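Participant: Pasting a predicted model and its sequence here:
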Amino acid sequence: MSEKKQTKPASKEAPLYGLLAEYEKPKQLLAAAKKVRDAGFEQWDTYTPFPVHGIDPAMGIKPTILPWLVLGAGLTGATTALVLQWWTNAHDYAWIVSGKPFWSLPANIPVTFELTVLFSAITTLVGMLMLNKLPHPSSPLDFSERFARVTDDRFFVVIEARDPKFDEGDTKALLESTGAVAVEAVPEDTKTEGRMPSVLVYAIVILTCAAIVPFALSAYAREAKNRSPRIHIVPDMDNQQKFKSQRENDFFADNRAMREPVAGTVARGLLRTDEHLYEGKAGGTWARTFPPAIKADAATMQRGRTAFGINCVPCHGPTGQGNGLVNKRATELAEGTWVPPTNVTQPHLAKQPVGQLYGSIKNGIRNMPGYGHQMSSEDIWATVMYLRALQRGQNATLEDVPAAQRAGMK
Amino acid sequence: MATKKSKKSDDAPDSERPVKKSSDKKKTSDSKKSTGDKPTKAAGGGGKSGQPKTPIVDDGPEEELRLGPLGNKVMTIAGGIGVVGTGAAVGLGAMEGQWAHFFHSYLVAFFWVLTIGLGALWFVTLQHLTRSEWSPVVRRIAEVLGANIPLLAVMALVVVGPLLMGNHDLYKWADPAEVKHSLLLQKKSPYLNTTFFAARFVFYFGVWFIFSRLFLKRSVEQDSTGKPELTNNLWAVSAPGMILFALTVTFCSIDFVMSLAPEWFSTMFGVYVFAGCVVSFYSTMGLIVLWLQKNGRLSKSITVHHRHDIGKMMFAFVVFWAYIAFSQFMLIWYADIPEETVWFKPRLGEWLPVSAALLFLHFVVPFLGLLSKHVKRHRFGLGFWAVWLLVIHYVDLYWLIMPNFSPGKVPFSLMDICAWVGLAGLFLASSARTAMNLNLRPTRDPRLDKSLAFENI
């Protein structure tokens, strides 16, 4: 581009950046844009004070691919959110929240929604900037007096000298033929230096350092030990104004926070007259059979397995041998008062009446707390059924295997 | 913005807008095609009936502005279907001998037309409130749909009338025997009692009547006087109008639909019904626009840009509906409190297929279908999804109302269809009747030129 002859004013040595044509009306600009487009230029652009409808086709700009990028980002966001929640909550460290299943889709939707929107929004913004090659802090056009009116009431076409079709004389003639009020040669920017202003450099360095601080602090916090109480960032969430059980409360005449049910009422589902189903007893002694309401089928067994997984595995371990995580941790810490959970597959427990197992789970036994307040009777019975299966599984002989499969086991 | 304004006042060339001045010379092929109908000419003024007295002064392009004989056709066909359908529904109800089924079925159909009408009223209010520039060319359609309030009030009488006469097939809170056994219903009875219910009914429909009437009347008046004050006046009216609309729609859906399960409540219910109003209204408007243009009406002033916007709103409110529906479901599901979950119990039991259908056909599928701008800008694409959404909106209301009557099974029957088609026919006929003597779009709205020149890409 530098071999082009310099004809026009101002900076005599500066190479030519391009030709600037000014128009008074958007219509003229549109017409001019079509001509420049048809002449086959590539390194050129139009500048307007406001969005001009129809400029895209007039300039021959292809429809943007941004929507596809955003669609891709949205789908990525949704997938990321689902996999993240599945991985952390249902797979890597399966954890029950609010009594919902480990992998519980409805609970995952809000995060999925948010990440979909977040990924799409960020991609829209960043994609728009990148596709437009923004930010573009400085341009040789900034030094043209004439060009200043682009923010007010004038419309411009600029053809850059680096375009292969560019020829100062011909291009100028072309622009003049489009009805431009003025055509001006714009020299390359020789006034500003090629470097970034030092203010910007400092700002970027400082911001980068500041951005590291939170990570550094959390890395430090992972290693450091601290005995002072935690900082309450949201105090009213940490210390809520609510009445806890077994506390005093002078609002009520009897000064108790816990209320009794209204006299003569029974809460939904709490009318428990069936002794077999709710107490595990028949005629005052431990029942030896399951209550009629509990069906011996695969569904009940599955329910028992789930309930066992939720309530019992932490202590008794997945197969009931007493080697759950809680036990391992307590043993590791050598907790003096720890009573190891019983191996529930022992023969003496296998002989216990089902009603007694029910009772142990519901009411607790010796050092084990009762589960009646957090498990429904049906869940407890299902757990008992699953216990029976575990017991049988642990004490099984070859005779318990279906004949057809015995051969392969020896 | 400042630059934009100065540009407008300094040197905005009028010729940039596709206005009448430039198109006076040639007749459009659109209008030629429909000469069989001998419609009223916009510029010529005066139809067969001699309407209107003042010649139309139109600031828009020359095109068919009036329904003309087409209106009569719609009135006869839709009205006929309406009378036959509604009659058949009543007949089938009588044959069944059990009116409870009929009343529920009727309520679904009634809410289907009511939501469209209310959506239209909301749209008009919103356009005035935001001083919208894109919409004046389609606003009249909404004004006409919204003006069906008197018909809708008469339709509501089928629900309110029997209630006042002591029938409690729909609302068990109206049954003294039920109330006697339920402490909750006794506590709620200061609100849920027939007298107050009827009073509220009068209030809701009164408010809607006043506003819909006002919007239509002033807008039509402007066609002949061209006074810009009318627009400003409606702008002022629309603000309190919007507040009243929000309240009346919320309480109306609580009264008519939520109180079918009087022991249950959801604070999101009103918004849920509102979401349905908007989805069904935009779909209806989209269809009407397509139908009018196919018949050579408004073929120039409504462009692909306006249709694109209608499509966008359909898409947006499909998402909004899903957002609200899921929010309502998730809070109840998560808290898992019997008093709240009881409402979802039948819907996730025997009605599970319907619930699943709603999830996919009211959200997932139309979401994907309407995502692309090419679909929204395509006549068939827009029409297809509009019909789709109107059908699924019926399913949505069915799902809202019917499980209260029949928790154990989906009682879909011919009667449902008859009631639906019947009320829809009456609604359409009444809309055509209102539209008969009017221009199909405002002709001298101060923002008409902006609307005509509207482009969205």
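Facilitator: Structure's in. What do you need? Since the structure is predicted, the reported quantities are computational estimates derived from the model, not experimental observations.

Participant: Skipping adjacent residues, who's closest to residue B:58 in space?
Facilitator: Using Cβ to Cβ, 6 or more residues apart in numbering or on different chains and skipping residues adjacent in sequence, the residue nearest residue B:58 is residue B:443, 4.2 Å away. C-beta here means a position set from N, CA and C on the backbone, and glycine is covered the same way.

Participant: pretty sure the one you found is in a helix, no?
Facilitator: No: with the criterion set as DSSP: H, G, I helix; E, B strand; the rest coil, the secondary structure at residue B:443 is coil rather than a helix.

Participant: Enumerate every residue touching residue 286.
Facilitator: Just going to use chain A. Neighbouring residues of residue A:286 by Cβ atoms under 8 Å, 6 or more residues apart in numbering or on different chains: A:280, A:352, A:353, A:354, A:355, A:356, A:359.

Participant: not what I meant, chain B
Facilitator: With Cβ under 8 Å, 6+ apart, residue B:286 has these contacts: B:307, B:310, B:311, B:314, B:382, B:383, B:386.

Participant: and which of these is nearest to residue A:300?
Facilitator: Within the contacts of residue B:286, distances to residue A:300 taken as Cβ to Cβ reach their minimum at residue B:314, with 47.4 Å.

Participant: Could you pull up the residues touching that closest one?
Facilitator: For residue B:314, the contacting residues are B:279, B:282, B:283, B:286, B:366, B:370, B:376, B:385, B:386, B:389, taking Cβ under 8 Å, 6+ apart as the criterion.

Participant: related to what we said a few turns ago, switch the contacts of residue A:286 over to JSON lines; also include distance to residue B:214 and secondary structure.
Facilitator: JSON lines is the format used below for the contacts of residue A:286 (distance: Cβ to Cβ, whole Å; DSSP: H, G, I helix; E, B strand; the rest coil):
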{"residue": "A:280", "distance to residue B:214": "71", "secondary structure": "coil"}
{"residue": "A:352", "distance to residue B:214": "79", "secondary structure": "coil"}
{"residue": "A:353", "distance to residue B:214": "78", "secondary structure": "coil"}
{"residue": "A:354", "distance to residue B:214": "74", "secondary structure": "helix"}
{"residue": "A:355", "distance to residue B:214": "74", "secondary structure": "helix"}
{"residue": "A:356", "distance to residue B:214": "77", "secondary structure": "helix"}
{"residue": "A:359", "distance to residue B:214": "73", "secondary structure": "helix"}
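
Participant: Which of the residues you listed has the largest number of neighbours?
Facilitator: residue A:280 (26 neighbours; other Cβ atoms under 10 Å in any protein chain shown).

Participant: Pretty sure that one sits against residue A:354.
Facilitator: Yes: here residue A:280 lies in contact with residue A:354, judged by Cβ atoms under 8 Å, at a distance of 7.3 Å.

Participant: got any residues that touch both of the two?
Facilitator: Both residue A:280 and residue A:354 are in contact with A:286, A:287, where contact means Cβ under 8 Å, 6+ apart.

Participant: Now for whichever residue of the stretch 351-457 of chain B sits closest to chain A, how many residues are close by?
Facilitator: Here the stretch 351-457 of chain B gets closest to chain A at one residue, residue B:455, 4.4 Å apart by Cβ to the nearest Cβ. Residue B:455 is flanked by 13 other residues according to other Cβ under 10 Å.

Participant: For chain B, what's its nearest residue on the stretch 301-410 of chain A.
Facilitator: residue A:376 (12.4 Å).

Participant: Tally up the residues packed near that residue, please.
Facilitator: Using other Cβ under 10 Å, the number of residues around residue A:376 comes to 11.

Participant: now residue A:13
Facilitator: Counted with other Cβ under 10 Å, residues neighbouring residue A:13 total 7.

Participant: ok so it is a helix residue?
Facilitator: No: according to three-state DSSP, the state of residue A:13 is coil, so it is not within a helix.

Participant: Give me the pLDDT for it.
Facilitator: Among the per-residue scores, residue A:13 shows a pLDDT of 70.

Participant: And it, how close does it get to chain B?
Facilitator: Distance from residue A:13 to chain B, counting by Cβ to the nearest Cβ, to the nearest Å: 35 Å.

Participant: My read is that the residue nearest to residue B:58 contacts residue B:223, right?
Facilitator: Yes: using Cβ under 8 Å, residue B:443 makes contact with residue B:223 at a distance of 4.8 Å.

Participant: Mind checking which residue lies nearest the centre of chain A?
Facilitator: Within chain A, the residue whose C-alpha comes closest to the C-alpha centroid is residue A:81; the distance, by Cα atoms, centre = their mean, is 4.2 Å.

Participant: Who are the packing partners of the strand or helix carrying that residue?
Facilitator: Here residue A:81 is covered by helix A:66-85, with elements defined by DSSP states H and E. Taking 3 or more Cβ pairs under 8 Å, 6 or more residues apart in numbering or on different chains; DSSP states H and E as the contact definition, the neighbouring helices and strands of helix A:66-85 are helix A:105-131.

Participant: Run the chain-centre distance for the helix it packs on.
Facilitator: Averaging C-alpha positions (Cα atoms, centre = their mean, to the nearest Å) puts helix A:105-131 9 Å from its chain's average.

Participant: same deal with stretch B:136-146?
Facilitator: Centre-to-centre, stretch B:136-146 and its host chain are 11 Å apart (Cα atoms, centre = their mean).

Participant: pLDDT on that stretch, on average?
Facilitator: Over the span of stretch B:136-146, the pLDDT mean works out to 96.

Participant: what's that stretch in contact with?
Facilitator: Outside of stretch B:136-146, the residues within contact range by Cβ under 8 Å, 6+ apart are B:60, B:116-118, B:120-121, B:123-124, B:127, B:208, B:212, B:215-216, B:219, B:281, B:284-285, B:288-289, B:292, B:298, B:301-302, B:306, B:310, B:431, B:434-435, B:438-442, B:445, B:447-448, B:450-452, B:454.

Participant: Just give the number of residues close to the residue nearest to residue B:432 when sequence neighbours are not counted.
Facilitator: Of all residues not flanking residue B:432 in the chain, residue B:74 sits nearest, at 3.9 Å (Cβ to Cβ, 6+ apart). When counting by other Cβ under 10 Å, one arrives at 20 neighbours for residue B:74.

Participant: Does residue B:389 touch residue B:363 like I think?
Facilitator: No: the pair formed by residue B:389 and residue B:363 falls short of the contact definition of Cβ under 8 Å, at 10.7 Å.

Participant: list the residues that contact both of the two?
Facilitator: Taking Cβ under 8 Å, 6+ apart as the contact rule, the neighbours common to residue B:389 and residue B:363 are residue B:318.

Participant: So if I had to pick from these two, which one is more boxed in?
Facilitator: residue B:389 (29 against 18).

Participant: Any figure for the gap between residue A:363 and residue A:376?
Facilitator: In this view, residue A:363 and residue A:376 are 15 Å apart by Cβ to Cβ, to the nearest Å.
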